[in-house]
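A.B. asks: fold the following for me, if possible:
(3 chains)
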Amino acid sequence: MSESKKKRGFWSEMIYNNPVFGLYLGICSTLAITTTLNNAIGMGVAVIVVLTISNIVISLIAPLTPDEIHIPVYIVVIATLVTVVGMLMQAFTPELYSTLGTFIDLIVVNCIILGRAEAYACTNSVSDSARDGIMMGLSYTFSLLAMSLIRQVLGTGLLELSNPATNATIFSLRLIPEGFEIPVFTTQTGAFLTFALLAAGVAAIKNSDEKKAAEAEKAKAEAAKAAAQATAASVKAKEAA
Amino acid sequence: MNLLTLFLSALLINNVILSKFIGMCPFLGVSNKLSSAVGMGLAVIFVIFGASVLSWALYYYALVPLGLEYMKLICFILLIAAFVQFVQMFIKKTSPSLYKSLGIYLPLITTNCAVLYVALDNITQGYTFVETLVNSIAVPAGFMLVLVIFATIRERLAAADVPDAWKGNPIAFVVAAIMAIAFSAFSGLV
Amino acid sequence: MQVLFAIVIAGALLGLNAWLYTANKKTPVPEGCENLKPDCTGCGITDCALRKKEEEQSTL
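C.D. replies: Below you'll find the model as predicted:
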């Protein structure tokens, strides 16, 4: 147990503490919007901005808020940020805003943001909370990108990215020939299946690591026992001699 | 708009979980046993109906006359949180049996996507008061329907031989995928 | 002027929340129901505040 809690590298941290596939937070928006890469990046950036700024603000005001009212106050902070981000998106990236629809407003009840505020931001310093916000936001965006990559490539055959502000295509590659793509991945069923596959993948990685750690500990325990027996035998032999 | 069409479309065709992906969190968390699924479903129907009607009234009688439409999100979420507290207090005082069956699920509904979604959707679609009433009953009824079906399947699934990596939530998502196919057959209904 | 109305409405709702929360805390749970917990294994998913308690218990 102590072995597996060591400091892990960046990528393995993203897999182990993945908020979407490991902890199942914020699933509603993940399933609904990951049809294209554009949507994923747009939503990811919105969540990073809201999460970081709300972490900073909440770590500043947490010492001042009385306990009865702390959840509604945090909710007001997050809701204000989401309203502002929504208005900015409506002004500068109108097509992205209309595709994402209510899911921008539903960032308020995304458990990642309120959960990190309650678990981390209210008891840590401003710089730590900001860094935690950025890391969790990047982790979430990474999961969104993974899902939308699979869904877009298998469902439409194209790997496409366009500038949300000007609607100009940045690149558009056809990876699967026309007529051979699998349209189910753009529907609800495909969303559920892709999510199930990725979640099972993350669980498999976690399970195999836990098994390795358990076997290593068992081997160590047995080696220690054997060493103890050997020293006991050598002490007895010395006494007999 | 025809109220029956609205009711059926919110209940079956645009089912809130299988078609719109809202309310997935309690869908995974509470669906392990049928009794808890029924309790959660009833609590959600009650809260969504009350909170949506109150939010509609707040929007059209307070926010719009004052020109404060942009405050919609903040006001709705605070109203929902207050309403859930009120309902919990009311149930505690009036009925222990009701508290046992659905009162304990109430604190879990405050940050539920579904409540905020229905409140916002009623405004975005521009429904009249009667349409709001119908929509606010049909959507959580669809939620409860899917939750109960899913709980019965999951109870049987617990006894099946599922591979280790798929145990728990991944296999639940595969079941949801199959249910989504089944429910998509309703799209020709109206 | 509009901003004043906005602050008043938000403040009123916050006050309503605080009052109802304290009133809810003071109302006793009906007898026989004190130790009831919602029977759900993944409830930390649904409620962010409950999730913190679950995580604390699992790391103890």
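
A.B. asks: tell me the helices and strands packed up against the host helix or strand of residue A:193.
C.D. replies: Assigned by DSSP states H and E, residue A:193 belongs to helix A:188-240. Applying 3 or more CB pairs under 8 Å, 6 or more residues apart in numbering or on different chains; DSSP states H and E, one finds that helix A:188-240 contacts helix A:10-16, helix A:27-33, helix A:126-156, helix B:169-184. For glycine as for every other residue, the C-beta is placed from the backbone atoms N, C-alpha and C.

A.B. asks: for the third one, list every residue counted as buried.
C.D. replies: Residues A:129-130, A:132-133, A:135-144, A:146-156 are the ones in helix A:126-156 that count as buried (16 or more other CB atoms under 10 Å in any protein chain shown).

A.B. asks: please, where are all the helices along chain B?
C.D. replies: Using DSSP state H, the helices of chain B run over B:3-8, B:24-29, B:34-58, B:72-94, B:96-101, B:113-124, B:129-157, B:169-184.

A.B. asks: go through those helices and pick out the most buried.
C.D. replies: Most buried of those, by mean neighbour count (mean count of other CB atoms under 10 Å in any protein chain shown): helix B:24-29, with a mean of 26.

A.B. asks: that one and chain C, are they touching?
C.D. replies: Yes. Contact of helix B:24-29 with chain C (CB under 8 Å from any CB of the partner chain) involves B:25, B:26, B:28, B:29.

A.B. asks: is that helix positioned near chain A?
C.D. replies: Yes. Helix B:24-29 reaches chain A (CB under 8 Å from any CB) through B:24, B:25, B:28.

A.B. asks: and the helices and strands packed on helix A:188-240 as TSV, adding mean pLDDT and distance to residue B:5?
C.D. replies: TSV is the format used below for those (pLDDT from 0 to 100; distance: least, CB to CB, whole Å):
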stretch	mean pLDDT	distance to residue B:5
helix A:10-16	74	46
helix A:27-33	88	24
helix A:126-156	91	30
helix B:169-184	92	17
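
A.B. asks: how about TSV for those helices, with distance to chain C added?
C.D. replies: Listed next are those as TSV, based on distance: least, CB to the nearest CB, whole Å:
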stretch	distance to chain C
helix A:10-16	14
helix A:27-33	8
helix A:126-156	13
helix B:169-184	8
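
A.B. asks: now the residue nearest the centre of chain B: how far from chain A?
C.D. replies: Central residue of chain B (CA atoms, centre = their mean): residue B:140, 4.0 Å from the mean position. Remark: distance between residue B:140 and chain A (CB to the nearest CB, to the nearest Å) = 15 Å.

A.B. asks: one more: residue B:23?
C.D. replies: 7 Å.

A.B. asks: touching, that residue and residue B:15? I think so.
C.D. replies: No. Counting by CB atoms under 8 Å, residue B:23 does not reach residue B:15; the two are 10.1 Å apart.

A.B. asks: which of the residues of helix B:24-29 next to chain A sits closest to residue B:86?
C.D. replies: Nearest to residue B:86 out of those is residue B:25 (CB to CB; 22.6 Å).

A.B. asks: show the pLDDT at the closest one.
C.D. replies: Per-residue pLDDT puts residue B:25 at 77.

A.B. asks: do the same with residue B:138
C.D. replies: 95.

A.B. asks: check the gap between it and chain A for me.
C.D. replies: 17 Å.

A.B. asks: quick one: pLDDT of the nearest residue to that residue once chain neighbours are set aside?
C.D. replies: Nearest non-adjacent residue to residue B:138, counting by CB to CB, 6 or more residues apart in numbering or on different chains: residue B:10, 3.7 Å away. For residue B:10, the model assigns a pLDDT of 91.

A.B. asks: burial of residue B:10, as a residue count?
C.D. replies: 23 (other CB atoms under 10 Å in any protein chain shown).

A.B. asks: quick one, what contacts it?
C.D. replies: Residue B:10 sits next to B:16, B:134, B:135, B:138, B:139, B:142 when contact means CB atoms under 8 Å, 6 or more residues apart in numbering or on different chains.

A.B. asks: wait, is residue A:160 part of a strand?
C.D. replies: Yes. The assignment for residue A:160 is a strand, going by DSSP: H, G, I helix; E, B strand; the rest coil.

A.B. asks: from memory it sits against residue A:40, does it?
C.D. replies: No. Between residue A:160 and residue A:40 there is no contact under CB under 8 Å: 11.9 Å.

A.B. asks: who's more crowded, the two?
C.D. replies: Neighbour tally, residue A:160 and residue A:40, criterion other CB under 10 Å: the higher count belongs to residue A:40, 24 against 17.

A.B. asks: immediately after the strand or helix carrying the more buried one, which helix or strand?
C.D. replies: Using DSSP H and E, residue A:40 maps to helix A:37-61. Heading C-terminal from helix A:37-61, the first helix or strand you meet, by DSSP H and E, is helix A:70-92.

A.B. asks: buried residues in the helix holding residue A:40, which are they?
C.D. replies: When burial is assessed from 16+ other CB under 10 Å, helix A:37-61 yields the following buried residues: A:37-59.

A.B. asks: same check on stretch A:60-77?
C.D. replies: For stretch A:60-77, burial by neighbour count (16+ other CB under 10 Å) applies to A:62, A:69, A:70, A:71, A:72, A:73, A:74, A:75, A:76, A:77.

A.B. asks: can you give me the end-to-end span of that stretch?
C.D. replies: End-to-end distance of stretch A:60-77: 12 Å, with CA to CA, to the nearest Å as the criterion.

A.B. asks: no further questions, thank you.
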